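A.B. asks: just a sequence and a predicted model for now, questions to come.
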Amino acid sequence: MATYQEIKGNNIPIRSADPSNPIVGEIWYNTTTRALKGVINQTAAWTTGPNTSRTYNSGSGLGNYDGAVIFQGSDGSPAPNPYSSETEEYTGSAWTSAPSYPFGGRDGAGTGLATSGLGICGHGSSGPVTTCNEWTGSGWTGIPANPTPQRSNSALGIETAALNFGGGEGAGETTIAKTQEYNGSSWTNGNNMNTGRKNAGGTGTQTAAIAAGGSGFPGTPEPGQGGLAEEYDGTSWANTNNVVNPRNSEAGMTGVQTDSILYGGSSPPGPITATEAYNGTCFSNISGATIPNPGGGYIQGNGSTSPLSPAYHVRGGPNGTATFTAPGPATVTITSS
């Protein structure tokens, strides 16, 4: 296969805008931005970012390529107030304080973009709740309650087309396989998952989703959830191939059903450092994509049709933020004036 240099020669094109579909090896000078640019074939990698202002144990999050939002969770303080309502947002360079969530809690689900998303259920001061809220990009506002009081649930999609699944309900925290769809104004019960689970990873859309990992509450365990994965087609769930590295707790996913990544989380004996790719059929480890802050993460993939990178894995406090860069062609600035 001929290289760009062999096809175009050594002259550097002068352009007022970046080309719409450049190829690896292409170089040009952008007169508008006054920058020499080119396309490289980058490898998959995680990089460490800034810390949040506090820990967010069992917190929730939303966001993806446009930034991230983290909220609720325990800050480590003792009872009677171990749950927080604090919210922070991230735009790619720093975490800043944002309007508080309507109630203090933990173990809820979040999904959507950093400019518009959802906070779904969770564990309040008296147990699992049905309360849900919408993030508008500048604050929280109430929306209709979920049909089932639940905690440790998972969610994917956007604020007008979201999918909520799994978790636990009741004072005894029974593991559930329930699914609910949200259309921006109301909730509808969907068909159950094949295997009930809590703290699963999930991504995709309301009509084409993938869920992986998770575990059961002590009273209602189902063996092997950490390695299991299921796809949702808008009507029903179907089992797909198992993950490579079982993840029992708080794994993250981002991307679409046929092109996504699974990362973070933990299983005995400890946190998982490997990142896996899912191609719509099977999972495989991504070479070199070792996560720098392994363990449970509180920014799940939002399940939109957004690109894989950047994706965020946030643990809160000193555990910091990790940002994923997907492999493949990327436009870079070589020098600017």
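C.D. replies: Good, I have the coordinates.
A.B. asks: residues in contact with A98?
C.D. replies: Counting by C-beta atoms under 8 Å, 6 or more residues apart in numbering, A98 makes contact with 69, 87-89, 139. The way it works is simple: take the backbone N, C-alpha and C, and place the C-beta from them, glycine included.
A.B. asks: again, only this time at 6 Å
C.D. replies: For A98, the contacting residues are 87-89, by C-beta atoms under 6 Å, 6 or more residues apart in numbering.
A.B. asks: can you list those residues in a markdown table and add distance to E276?
C.D. replies: Formatted as a markdown table, the contacts of A98 follow (distance: C-beta to C-beta, whole Å):
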| residue | distance to E276 |
| --- | --- |
| T87 | 30 |
| E88 | 28 |
| E89 | 28 |
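A.B. asks: which ones among the residues you listed map onto strands?
C.D. replies: 87-89 (DSSP state E).
A.B. asks: tell me the one of the residues you listed nearest S337?
C.D. replies: The shortest approach to S337 among these belongs to E89, at 33.0 Å (C-beta to C-beta).
A.B. asks: thought F71 was touching that closest one, still the case?
C.D. replies: No: E89 is beyond contact range of F71, at 9.3 Å (criterion: C-beta atoms under 6 Å).
A.B. asks: beyond the helix or strand of the chain with the lowest mean pLDDT, next helix or strand please.
C.D. replies: Among the helices and strands of the chain, helix 4-8 carries the lowest confidence by mean pLDDT, DSSP states H and E, at a mean of 62. Counting by DSSP states H and E, the next helix or strand C-terminal to helix 4-8 is strand 14-15.
A.B. asks: okay, now the sheet partners of that next one, with direction.
C.D. replies: strand 27-30 (parallel) (DSSP bridges).
A.B. asks: in the strand it pairs with, which residues are buried?
C.D. replies: 27-28, 30 (16 or more other C-beta atoms under 10 Å).
A.B. asks: got the CA coordinates for it in PDB?
C.D. replies: What follows is strand 27-30, C-alpha atoms only, in PDB (Å, rounded to 0.1, in the frame of the first residue of the first chain):
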ATOM      1  CA  ILE A  27       0.400  16.900   6.900                       C
ATOM      2  CA  TRP A  28      -0.900  20.400   6.200                       C
ATOM      3  CA  TYR A  29      -0.600  24.000   7.400                       C
ATOM      4  CA  ASN A  30      -3.800  25.600   8.700                       C
END
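A.B. asks: so what touches that strand?
C.D. replies: So strand 27-30 is contacted by 12-15, 36-38 (C-beta under 6 Å, 6+ apart).
A.B. asks: make it 8 Å
C.D. replies: Residues contacting strand 27-30 (C-beta under 8 Å, 6+ apart): 4, 12-19, 22, 35-39, 334.
A.B. asks: report the two of the residues you listed separated the most.
C.D. replies: Maximum distance among these (C-beta to C-beta): 20.4 Å, for Y4 and S16.
A.B. asks: who has more neighbours, these two?
C.D. replies: Taking neighbours as other C-beta atoms under 10 Å, Y4 and S16 compare with Y4 leading, 15 against 8.
A.B. asks: which helix or strand contains the closest residue to A17 other than its chain neighbours?
C.D. replies: Closest residue to A17 apart from its sequence neighbours, by C-beta to C-beta, 6 or more residues apart in numbering: T32 at 6.4 Å. Using DSSP H and E, T32 maps to neither a helix nor a strand.
A.B. asks: and T32, how far from P19?
C.D. replies: 13 Å (C-beta to C-beta, to the nearest Å).
A.B. asks: over to A68?
C.D. replies: The gap separating A68 from P19 is 30 Å, by C-beta to C-beta.
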